[in-house]
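J.: my questions are about this predicted structure, shown below with the sequence.
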Amino acid sequence: MGGLELEHGAKNYGSATTRRGLAALDFVLRIIAIIATLASAIAMGTTNESLSFFTYLDYDIFFVVIIIYIFFVVTNSIVSAYLVLSLALSISHIVSGGAKKSRVVLIFFDTVYII
């Protein structure tokens with residue numbers, strides 16, 4: 001898929017500077033994702049809305065009442081915890097640009113959390 005074919009089957013996946021630059025971009029995007037998921041979990045967890053079914057029936061909605069709110073808050077909290085834990089791997093990718101297996105693991109878990 002990527003890389004130039006070198007002698008004896010080895011592949012060149014770009015320079016170390018390029019790999020470290022992409023790892024730094026990955027780190028910054030993970031920081032932004034942490035902030036976004038924490039903000040959405042806090043916003044949903046502290047919401048207090050009211051819903052009127054009819055003019056005389058007023059129903060207060062907050063995250064404890066509706067199971068969707070609970071699911072949303074818990075899911076965002078789990079994803080935030082994963083992102084915080086994955087920062088260590090992201091930092092190791094910046095320091096040592098040759099970590100290939102841990103990148104595959106991060107890509108796999110990132111895909112799982114997207115779904």
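T.: Alright, I've got the coordinates. Numbers count the residues shown, from 1 in each chain.

J.: output the lowest mean pLDDT helix or strand found in the chain.
T.: Among the helices and strands of the chain, strand 4-5 carries the lowest confidence by mean pLDDT, DSSP states H and E, at a mean of 52.

J.: from memory Val73 sits against Gly45, does it?
T.: Yes. Counting by C-beta atoms under 8 Å, Val73 does reach Gly45; the two are 4.8 Å apart. All C-beta atoms are positioned from the backbone trio N, CA, C, and that covers glycine.

J.: so the two - more neighbours on which side?
T.: Val73 (20 against 17; other C-beta atoms under 10 Å).

J.: state the mean pLDDT of whichever helix or strand the more buried one is part of.
T.: Applying DSSP states H and E as the criterion places Val73 in helix 67-95. Averaging pLDDT along helix 67-95 yields 86.

J.: any chance you could list what contacts the helix or strand just after that helix?
T.: Sequence order places helix 101-114 as the next helix or strand after helix 67-95, per DSSP H and E. With C-beta atoms under 8 Å, 6 or more residues apart in numbering as the contact definition, helix 101-114 has outside contacts at Val79, Tyr82, Ser86, Leu89, Ser90, Ser92, His93.

J.: want to throw the residues you listed into JSON lines with distance to Ala39?
T.: Shown next, in JSON lines, are the contacts of helix 101-114 (distance: C-beta to C-beta, whole Å):
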{"residue": "Val79", "distance to Ala39": "12"}
{"residue": "Tyr82", "distance to Ala39": "16"}
{"residue": "Ser86", "distance to Ala39": "18"}
{"residue": "Leu89", "distance to Ala39": "23"}
{"residue": "Ser90", "distance to Ala39": "20"}
{"residue": "Ser92", "distance to Ala39": "27"}
{"residue": "His93", "distance to Ala39": "26"}
